[in-house]
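In: sequence first, then the predicted structure:
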Amino acid sequence: MKAIRIHKHGKEDVLQIDDIPEPEPQAGEVKIKIKASSLNHMDLWVRDGIPGIAPLPLILGCDGSGVVVACGESVRHVAIDERVFIHPVLSCGECAACKQGLENHCRYMQLFGEHVNGTHCEYICVPEKNVIKLDESISFEDAAAFPLVFLTAWHMLVYNGKVKKGSRVLVMGGSSGVGSAAIQIAKHHGAFVMTTVGSDEKKQLAVELGADAVIDHYNESISKRVKELTEKQGADIIVEHVGEKVWAECLKALGMSGRLITCGATTGPMISMDLRHLFIKQQQLIGSTMGNLNELRELHALMASKALKPLVGKVFPYGAVREAHQYLADSKHFGKVVLCW
Ligand code: ZN
């Protein structure tokens with residue numbers, strides 16, 4: 001089968017399309033013929049090289065959808081020919097977090113395409129508990145586009161942010177995968193949604209997704225605009241993944257008792273801050289990563305009812321994976337970059 005692998009770290013040219021043997025399902029595993037898989041910023045970091053990932057070569061890709069072609073022994077709830085998509089979080093299943101259904105808080109959490117071989121290949125075998133039957137109204141491309149980014153945004157806003165009707169929410173980078181998901185999820189909960197984007201074209205798309213106010217992050221002061229938009233109160237919740245370049249502005253935009261929730265550091269991980277503002281304003285800084293199976297099932301139901309919509313920015317054939325990586329890195333996209341198989 002064809003698989004997109006890296007044998008060493010580096011830029012787009014380390015991406016190779018290899019011919020390798022198809023995997024066969026072990027007990028409890030399901031073999032899926034991949035129809036669509038999507039790119040995440042995580043793929044760029046893994047490709048560039050981050051500490052602690054699986055030995056190379058590695059098949060990239062965390063999100064995927066397709067058709068079941070074989071089931072290992074003891075698989076009970078999945079059948080051959082079913083259309084399915086993959087829950088991207090692997091966990092131990094036995095620790096206190098896993099037993100509470102919070103597998104993204106498991107200390108042994110692993111992700112496809114980071115710690116183990118991922119979804120950018122023709123066939124993948126995954127544990128039965130990571131397979132969800134796909135509603136017939138959802139395309140393979142859409143099903144590959146939403147899990148990681150919507151799960152991440154949902155866990156940030158709902159579990160950590162406790163978003164509710166009337167919450168003043170600032171979504172950083174509204175045109176990114178997590179950002180465009182967060183706009184929709186915050187709006188779905190009745191929040192007042194502010195977001196930042198980098199061009200007029202993206203501004204319009206953010207409004208179409210439900211943003212109440214859009215800030216041009218190249219030409220406007222984010223904190224000043226948030227204060228204007230909130231009668232000087234600031235944001236109750238900030239969804240952050242940009243990192244160093246915007247951290248100071250985010251803290252200025254955060255209101256009394258506000259929660260700044262971060263899941264990424266695209267522009268760099270090192271920040272500094274004045275602790276006095278944090279305790280006097282009784283604010284919370286919360287780290288968040290991925291989400292859990294119950295949240296993914298809830299998201300899938302909302303996708304099926306069209307209350308939320310996956311946002312596919314551009315679809316590439318898998319053979320054009322180097323162009324797809326370049327396209328994602330250039331921030332040309334609004335929504336997700338998907339590979340079709
Ligand atoms: Zn666990």
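Out: Arrived safely, thanks for sending. Numbers count the residues shown, from 1 in each chain.

In: please make it C-alpha for all contacts and neighbour counts, starting now.
Out: Will do.

In: ok, the residue of the stretch 151-300 of the chain found nearest the ion - how many residues close by?
Out: Residue nearest to the ion within the stretch 151-300 of the chain: residue 292 (11.5 Å; Cα to the ion). Using other Cα atoms under 10 Å, residue 292 is surrounded by 22 other residues.

In: what does residue 175 give?
Out: A count of nearby residues for residue 175, using other Cα under 10 Å, gives 29.

In: ok, it - contacts?
Out: Counting by Cα atoms under 8 Å, 6 or more residues apart in numbering, residue 175 touches 197, 202, 206, 333, 334, 335.

In: now residue 179
Out: Counted by Cα under 8 Å, 6+ apart, residue 179 has contacts 153, 171, 172, 173, 239.

In: name the next helix or strand following the host helix or strand of residue 201 along the chain.
Out: Under the criterion of DSSP states H and E, residue 201 resides in helix 200-209. Sequence-wise, the next helix or strand downstream of helix 200-209 (DSSP H and E) is strand 213-216.

In: not counting its neighbours along the chain, what's nearest residue 101?
Out: In this structure, residue 101 finds its nearest non-sequential neighbour in residue 292, 6.7 Å apart by Cα to Cα, 6 or more residues apart in numbering.

In: hang on, residue 325 in a helix?
Out: Yes: counting by DSSP: H, G, I helix; E, B strand; the rest coil, residue 325 is located in a helix.

In: tell me which of the contacts of residue 175 has the lowest pLDDT.
Out: Minimum pLDDT for these is recorded at residue 333 (70).

In: I'd guessed that residue sits against residue 325; true?
Out: No: with contact defined as Cα atoms under 8 Å, residue 333 does not reach residue 325; the gap is 11.1 Å.

In: looking at the two, which one has more neighbours?
Out: Legend: neighbour count by other Cα under 10 Å for residue 333 and residue 325, higher for residue 325 (20 against 17).

In: wait, the more buried one touches residue 12, no?
Out: Yes: using Cα under 8 Å, residue 325 is in contact with residue 12, at 6.7 Å.

In: still on that earlier bit, check contacts around the residue of the stretch 151-300 of the chain closest to the ion.
Out: Residue 292 touches 89, 101, 102, 103, 104, 151, counting by Cα under 8 Å, 6+ apart.

In: quick one, phi psi at the fourth one?
Out: Residue 103 has phi and psi values of phi -70, psi -20 when expressed as degrees, to the nearest 10.

In: for residue 124, see how far away residue 1 is.
Out: 10 Å (Cα to Cα, to the nearest Å).

In: now do residue 226
Out: Distance, residue 226 to residue 124, by Cα to Cα: 45 Å.

In: equivalent analysis for residue 266, please.
Out: 29 Å.

In: go on, residue 187?
Out: Relative to residue 124, and taking Cα to Cα, residue 187 is found at 35 Å.
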